[in-house]
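Asker: have a look at this fold, sequence not included:
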Ligand code: PEP
Ligand code: MN
């Protein structure tokens, strides 16, 4: 395929965080099958998103990217998808209304099934097994059989992504995302929390504004549908490569398994297969930058990933941790900006703020998450650069995975409803609280 390295070439370069499959024939068969399956997204949609990200990088829009750390096949249900979409729509409407800025909505969904891990193995009670690498690779159950990487799962990723995206498209264009539903998105449970009550009041104002607009005869399409995009970490070479197609209109390669794909913190090495693969596709792409990234690393990544300095093509997703963002981020932003490199900056306030609670659960403090976002805005405001968006791990359900927030969930409360298979997510109320806070940071910009 023009300009896209072959799978063999990518493996020869060396790809980190890949499963070790023990049946090469089964793997090859799965890849061949994937190559014949229809695209999940269109190149034209990816280009449209690229333009919106470019607008966000100029401060004319704000990116809200959110969803699960790791989707699972079992949870790819209609209720789950609706709940996730609903909380993102609520957050987006808060940001749009309270900060008067268009929000670019990107779900971490319909493809977010593969996870990089810090360790290849996991040990429980003296038993060591391969680590869980996401449903794309192996099973979460702690048994030898379940942890064996199974290439058939790559086909399951495709089919679950297709059904999730189909539902998302139906919801976002078929009436559910109609702005007149603002009240309906708020459920009983959320309404009783302070953030829910605040939302309810805002929804009332929006409804009055809509009624007024309609009375004067204005009823634009935007009131009835929203643009919503899919995204995931493009990690497993076999899957991403098999889902790469040449767009007939532009004759350029696109990854057609999601609109926006990103390179994780553990696979952004300049000489690695992920960077090499991402260079070859035309989607808007992201690259995580953690505290170990230097300004020169960022410049080198930008030069390789976006040599033509195309606006909207490259987003740096910074994830320093609340305690490091104010010291670490300015150097990066300053140098990248001084070199005239065109990027959108997104804050991921989740991955630098994870720790183990005394009860053993992997968690985050809501205050830390919020403080990293605050630091991100301070840094950009200080430098006169643009805070382009946030990336959160959240869910539309009332889980208990992140401590703190208005409901003051503590370490002991985590056991109540901890469902994430990898990282802790903001629950519905925490997500809404976050949106109100971010709206304040944004309007003070
Ligand atoms: C993630 O976004 O789930 C993730 C693994 O992040 P990072 O690559 O920044 O650690
Ligand atoms: Mn995560």
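Answerer: Thanks, I have it. This one's a predicted model, so the numbers in the text were calculated from it and none came from an experiment. Ligands and ions are numbered 1, 2, ... in the order given.
Asker: element containing the residue positioned nearest the centre of the chain?
Answerer: By CA atoms, centre = their mean, the chain has its centre lying nearest to residue 108, at 3.8 Å. Using DSSP states H and E, residue 108 sits in strand 103-108.
Asker: can you give the strand pairings for that strand, parallel or anti for each?
Answerer: The strands beside strand 103-108 in its sheet (DSSP bridges) come out as strand 62-67 (parallel), strand 228-233 (parallel).
Asker: about what we covered before: ok, the residue lying closest to the residue nearest to the centre of the chain once chain neighbours are set aside - contacts?
Answerer: Leaving out its chain neighbours, the residue that sits closest to residue 108 by CB to CB, 6 or more residues apart in numbering is residue 67, at 3.2 Å. C-betas here are computed from N, CA, C, even on glycine. Residues near residue 67 by CB atoms under 8 Å, 6 or more residues apart in numbering: 84, 88, 107, 108, 109, 112, 393, 394, 395.
Asker: okay, those in CSV with pLDDT and distance to ligand 1 next?
Answerer: Shown next, in CSV, are the contacts of residue 67 (pLDDT from 0 to 100; distance: CB to the nearest ligand atom, whole Å):
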residue, pLDDT, distance to ligand 1
84, 96, 15
88, 97, 16
107, 98, 13
108, 98, 8
109, 98, 13
112, 98, 8
393, 98, 7
394, 98, 12
395, 96, 14
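Asker: format these as JSON lines; extra columns: distance to residue 98.
Answerer: Converted to JSON lines, these look like this (distance: CB to CB, whole Å):
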{"residue": "84", "distance to residue 98": "22"}
{"residue": "88", "distance to residue 98": "16"}
{"residue": "107", "distance to residue 98": "21"}
{"residue": "108", "distance to residue 98": "23"}
{"residue": "109", "distance to residue 98": "25"}
{"residue": "112", "distance to residue 98": "28"}
{"residue": "393", "distance to residue 98": "22"}
{"residue": "394", "distance to residue 98": "18"}
{"residue": "395", "distance to residue 98": "22"}
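Asker: tell me the two of those that are most distant?
Answerer: 88 and 112 (13.5 Å; CB to CB).
Asker: residue 261 - that's part of a strand, no?
Answerer: Yes. Per DSSP: H, G, I helix; E, B strand; the rest coil, residue 261 lies within a strand segment.
Asker: my guess is it meets residue 233, correct?
Answerer: Yes. In terms of CB atoms under 8 Å, residue 261 counts as a neighbour of residue 233; the distance is 7.3 Å.
Asker: for the residue in the chain positioned nearest to ligand 1, grab the count of nearby residues.
Answerer: Across the chain, the shortest distance to ligand 1 (CB to the nearest ligand atom) belongs to residue 264, at 3.1 Å. For residue 264, the neighbour count with other CB atoms under 10 Å is 22.
Asker: start the count at 669 instead of 1 going forward.
Answerer: Taking 669 as the first residue, the last one we looked at is residue 932.
Asker: so what's it up against?
Answerer: Contacts of residue 932 by CB under 8 Å, 6+ apart are 685, 784, 901, 903, 956.
Asker: what's the answer for residue 934, then?
Answerer: Counting by CB under 8 Å, 6+ apart, residue 934 has contacts 684, 685, 784, 786.
Asker: likewise for residue 943?
Answerer: Residue 943 sits next to 931, 936, 937, 969, 972, 973 when contact means CB under 8 Å, 6+ apart.
Asker: then residue 912?
Answerer: 669, 672, 921, 922, 923, 924, 948, 949.
Asker: who wins for neighbours among those residues?
Answerer: residue 923 (30 neighbours).
Asker: report the beta-bridge partners for that residue.
Answerer: residue 912.
Asker: could you pull up phi and psi at the residue of the chain closest to ligand 1?
Answerer: Dihedral pair for residue 932: phi -80, psi 170, per degrees, to the nearest 10.
Asker: neighbours around the residue in the stretch 919-1068 of the chain positioned nearest to ligand 2, how many?
Answerer: Closest residue of the stretch 919-1068 of the chain to ligand 2, CB to the ion: residue 1061 (5.4 Å). Per other CB under 10 Å, the neighbour tally for residue 1061 reads 28.
Asker: that one against residue 1095, yeah?
Answerer: No. The pair residue 1061 / residue 1095 is not scored as a contact, 10.9 Å apart, by CB under 8 Å.
Asker: and the least confident helix or strand in the chain by mean pLDDT, what does it pack onto?
Answerer: Within the chain, no helix or strand scores below helix 856-859, which has a mean of 79 by mean pLDDT, DSSP states H and E. Judged by 3 or more CB pairs under 8 Å, 6 or more residues apart in numbering; DSSP states H and E, helix 856-859 is in contact with helix 862-883, helix 1096-1111.
Asker: nearest to residue 810, of the strands paired with strand 771-776?
Answerer: strand 896-901 (23.5 Å).
Asker: low-confidence ranges in the stretch 669-818 of the chain?
Answerer: 669-670 (pLDDT under 70).
Asker: would you map the strands across it?
Answerer: 730-735, 771-776, 789-792, 795-798 (DSSP state E, counting those that start in this stretch).
Asker: residue 1005: which of these is closest?
Answerer: Taking these one by one with CB to CB, strand 730-735 is closest: 18.1 Å.
Asker: and the residue lying closest to residue 955 once chain neighbours are set aside, how many neighbours?
Answerer: Using CB to CB, 6+ apart and skipping residues adjacent in sequence, the residue nearest residue 955 is residue 931, 4.7 Å away. Residue 931 has 24 neighbours, counted by other CB under 10 Å.
Asker: could you do the one 4 residues further on as well?
Answerer: For residue 935, the tally of surrounding residues (other CB under 10 Å) stands at 23.
Asker: tell me the contacts of it?
Answerer: 683, 684, 685, 784, 903, 942.
Asker: and the gap between it and residue 1088?
Answerer: 21 Å (CB to CB, to the nearest Å).
Asker: what does this protein put close to ligand 1?
Answerer: 737, 784, 901, 932, 933, 934, 956, 987, 1019, 1091 (CB under 6 Å from any ligand atom).
Asker: and the closest residue in space to the first one that isn't next to it in sequence, how far from residue 816?
Answerer: Meaning residue 737. Take residue 737 and drop its neighbours on the chain: the residue closest to it by CB to CB, 6+ apart is residue 1091, 3.7 Å away. Distance, residue 1091 to residue 816, by CB to CB: 24 Å.
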